[in-house]
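Enquirer: Here is my input; please provide its structure:
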Amino acid sequence: MEKSFTTRSLNIPFPKDDPHRALDMPVYESIAFDFASSEDIAANFRGELPAHVYSRTSNPTVEYFERKMKTLTGAHQALALASGMAAISNTILALCKAGDNIISSSHLFGHSFALFDQSLANYGLETRFVDTSNIEEIESQIDENTRLIYFETVTNPQLEIADIEAIAKLADRYNLILVADSTVTPPVVFNSKALGVHVEVMSTTKFISGGATSFGGVILDNGLYDWSKNPNLRDFHEKFGKDAFIARLRKNYYRNTGGAMTAHTAHYQILGLDILELRLERSYQNCMALGDFLLAHPKVKKVTYPGLKTSTDYQLAIKQFNGKPGTVMTFDLESEAACFTFMNELQIIRRATNLNDNKSLIIHPYSTIYVEFPESERIEMGINDTMMRLSVGIESAQDLMADIEQALTKI
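Expert: Numbers count the residues shown, from 1 in each chain. As a prediction, the model looks like this:
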């Protein structure tokens, strides 16, 4: 019988036996590691003797976090990084070069959109933004220089869901790499490999860190893509075969751009994984209770959460995330001024920009995360001035509803 996520997480063995039989993985806060002989360290640098040599390239505590992520997701390989943005940027750099293009949803987290539209564009990589719910539109943008399709499993903050299996079939037909940002839908509710995703990236700062304890990111190679089909990885495929993608990252972009996860961060993320299932379930139940409460409130103009039966994406949420499409929702009031007054009156819910903290957090995306974008782009991305994004935490649902109710009475 398949064991639960939590049981499996708590019982993943260390890469090597601990001499003191520690129950928790020790924090190896060491920069460099000794070798028994000069021959051994030379063999390591030739790639013939696997071992930790310098923590910017690998570290025992980080290795254990990667092992847990790989085991719990069923991925072929895992690579931990300093942040979710580092995971995204390293993935794109390893798979593409100047003159290539990628296809991406136009509805993205603001910094991801800026990475594609501004930062990477300066180095000759074109991003073609599309509506990823429209397969024909995606296909119309594919040419001989297209390398991958990128999307968020649940868009942030629009909370839209694309049909992942349909996009995966299209990607396979054109030998494109399908990259999914699953930050909002962690592995407790989402199996990217089963749906045909080739590479999964996520900000482990969010759900996995265990309540905003640390920054982190991870790249997962599901082992489904033939890396010889990507012209930028053919040389690595000849030498490393199925491991070509992660090998190119470790030996080039990850190592050379300095985006390594620290040992202390890995320690926090390991502990966070062990309680992920419990935290997500509590937050999800709170989401459902708040969703029903907000839908019935006369001062609330609109509520968006794909886990609600009123959502147009509800069936996809059932199919792809077992009905639990993360724990972020949005709701609209009559005006921006009403949103600001409401947020200022909250006493339990915090005004902050993170997601999936233990605490419930609220933000007005139009005036914060997306404020640097022209109004026309904000509107095109589905960001309006009456919407607030609520990341639902693990407090009592009754306390959260009471906090929202008293704040709504002030507008």
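Enquirer: doesn't Leu195 fall inside a strand?
Expert: No. With DSSP: H, G, I helix; E, B strand; the rest coil as the criterion, Leu195 is assigned coil and is not in a strand.
Enquirer: In this structure it contacts Lys319, no?
Expert: No. Proximity of Leu195 to Lys319 does not meet the contact threshold set by Cβ atoms under 8 Å, at 9.1 Å. No exception for glycine: its C-beta is placed from N, CA and C like everyone else's.
Enquirer: who has more neighbours, the two?
Expert: Neighbours were tallied for Leu195 and for Lys319 using other Cβ atoms under 10 Å; the higher tally belongs to Leu195 (19 against 14).
Enquirer: List the residues that contact the more buried one.
Expert: The neighbourhood of Leu195, defined by Cβ atoms under 8 Å, 6 or more residues apart in numbering, consists of 164-165, 168, 320.
Enquirer: try Asn354
Expert: Taking Cβ under 8 Å, 6+ apart as the definition, contacts of Asn354 comprise 205-206, 212, 361, 391.
Enquirer: what's the closest of the contacts of Leu195 to Gln347?
Expert: Within the set of those, Gln320 lies nearest Gln347; the separation is 35.7 Å, counting by Cβ to Cβ.
Enquirer: So the closest one: helix, strand or coil?
Expert: Using three-state DSSP, the secondary structure recorded for Gln320 is helix.
Enquirer: Asp235 versus that one, what's the distance?
Expert: With the distance defined as Cβ to Cβ, to the nearest Å, Gln320 ends up 35 Å from Asp235.
Enquirer: ok, now Ser37?
Expert: Note on Ser37: its distance to Asp235, by Cβ to Cβ, is 31 Å.
Enquirer: Comparing those two, which residue is more hemmed in?
Expert: When Ser37 is set against Asp235 and neighbours are counted by other Cβ under 10 Å, the residue ahead is Asp235, at 11 against 8.
Enquirer: What values do phi and psi take at that one?
Expert: Dihedral angles of Asp235 (phi, psi; degrees, to the nearest 10) stand at phi -60, psi -40.
Enquirer: Could you list the domains of the protein?
Expert: Using automatic domain parsing, the domain parsing of the chain gives 5-272, 277-408.
Enquirer: What backbone torsions are found at Pro365?
Expert: In terms of degrees, to the nearest 10, the main-chain angles of Pro365 are phi -60, psi -40.
Enquirer: and Ile348, how many residues sit next to it?
Expert: By the measure other Cβ under 10 Å, the count of residues near Ile348 is 16.
Enquirer: Switch the domains of the chain over to JSON lines; also include mean pLDDT.
Expert: What follows is these, written out as JSON lines (pLDDT from 0 to 100):
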{"stretch": "domain 5-272", "mean pLDDT": "96"}
{"stretch": "domain 277-408", "mean pLDDT": "96"}
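Enquirer: Looking at the protein, which strand is longest?
Expert: In the chain, assigned by DSSP state E, the strand with the most residues is strand 146-152.
Enquirer: Please name the strands paired to that one in the sheet, noting orientation.
Expert: In its sheet, strand 146-152 lies beside strand 101-105 (parallel), strand 177-181 (parallel), with partners assigned from DSSP bridges.
Enquirer: Using a markdown table, lay out the ones you listed together with distance to Asp17 and mean neighbour count.
Expert: As requested, the strands paired with strand 146-152 are arranged in a markdown table below (distance: least, Cβ to Cβ, whole Å; neighbours: other Cβ atoms under 10 Å):
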| stretch | distance to Asp17 | mean neighbour count |
| --- | --- | --- |
| strand 101-105 | 43 | 24 |
| strand 177-181 | 35 | 25 |
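Enquirer: To Glu334, which of these lies closest?
Expert: Ranked by Cβ to Cβ, the member of the strands paired with strand 146-152 that lies closest to Glu334 is strand 101-105, at 29.0 Å.
Enquirer: Which neighbouring elements make contact with the helix or strand following that closest one?
Expert: Scanning the chain past strand 101-105 towards its C-terminal end, the next helix or strand to appear is helix 110-114 (assignment: DSSP states H and E). Using 3 or more Cβ pairs under 8 Å, 6 or more residues apart in numbering; DSSP states H and E as the contact criterion, the neighbours of helix 110-114 among helices and strands are helix 84-95.
Enquirer: Any idea how far the helix it packs on is from the middle of the chain?
Expert: Mean-position distance between helix 84-95 and its chain equals 12 Å (Cα atoms, centre = their mean, to the nearest Å).
Enquirer: which residues touch that helix?
Expert: The contact list for helix 84-95 (Cβ under 8 Å, 6+ apart) reads 79, 81, 102, 111-112, 115-116, 119-120, 125, 147-148, 150, 177, 179, 181, 183, 199, 201-206, 216-219, 230, 232-233, 245, 248-249, 252-254, 257, 259.
Enquirer: From these, list the buried ones, please.
Expert: Neighbour counting with 16 or more other Cβ atoms under 10 Å marks 79, 81, 102, 112, 115-116, 120, 125, 147-148, 150, 177, 179, 181, 183, 199, 201-206, 216-219, 230, 232-233, 245, 248-249, 253-254, 259 as buried within these.
Enquirer: Alright, that wraps it up for me.
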